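> Only the shape, not the letters, is given here:
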Ligand code: URA
Ligand code: SF4
């Protein structure tokens, strides 16, 4: 965690993006096609955090555009929002080879970018998609099955809601999809509450 008295490491969101797009700080740099920084509205009140780019994301440079991404898009639209209304980012910005899990050293090397995105976007609600984002942002070892669908106070004034990663929903089908939908309904409710009190 940065101390409030420290100067921000990036002067602006566009400088942050420019730095990230040129980053070679970890072992994922050589295997990527391009850095997948994030997409959406940098002043959104809802931020989604996934794990890392897959094959399609690596090719297109945009998070969540493959099969899991199409499901995420449908879940977002299911609560009356569009991708343009939210911001979508990942724990690691470069595709792990063969879609393997990101390693602790890679997550640590990349985390300043996610931290800076959190600071600039300053969302009211953060939705972590799956174990990697949830463990990183909640600083917990507890698994997603226990944590999903609950509200956690986050960094003073935000609410964090963990849900399943859309890839896991695709793998596990029916009941997982129903739980993901229920989690998104909670997201909608918390957003409405936050907007009413803003
Ligand atoms: N899975 C992720 O975690 N992020 C993406 O951007 C795509 C798939
Ligand atoms: Fe840099 Fe993150 Fe890509 Fe590693 S994953 S090279 S830290 S942008």
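Nice, I can see it. Quick caveat: nothing in here was measured; it's all calculated off a predicted structure. Ligands and ions are numbered 1, 2, ... in the order given.
> Spell out which parts of this protein neighbour ligand 1.
When proximity is defined by Cβ under 6 Å from any ligand atom, the chain lies next to ligand 1 at 50-54, 57, 63-64, 66, 68-69, 90, 167. Using the backbone N, CA and C atoms, a C-beta is placed for each residue, glycine as well.
> contacting residues for the residue of the chain found nearest ligand 1?
The chain approaches ligand 1 most closely through residue 50 (3.0 Å), counting by Cβ to the nearest ligand atom. With contact taken as Cβ atoms under 8 Å, 6 or more residues apart in numbering, residue 50 is in contact with 63, 64, 72, 88, 89, 90, 91, 129, 130, 133, 165.
> Am I right that the fifth one falls within a helix?
What it means is residue 89. No: Residue 89 is assigned strand when assessed by DSSP: H, G, I helix; E, B strand; the rest coil, not a helix.
> which residues does the nearest residue to it once chain neighbours are set aside contact?
Excluding the flanking residues, the one nearest residue 89 by Cβ to Cβ, 6 or more residues apart in numbering is residue 38, at 3.8 Å. Applying Cβ under 8 Å, 6+ apart, we find residue 38 in contact with 17, 63, 87, 88, 89, 90, 93, 117.
> Quick check on those: which are buried?
Buried subset of the contacts of residue 38 (neighbour count, 16 or more other Cβ atoms under 10 Å): 17, 63, 87, 88, 89, 90, 93, 117.
> I figured the fourth one hits residue 40, correct?
Just to be clear, that refers to residue 88. Yes: proximity of residue 88 to residue 40 meets the contact threshold set by Cβ atoms under 8 Å, at 5.3 Å.
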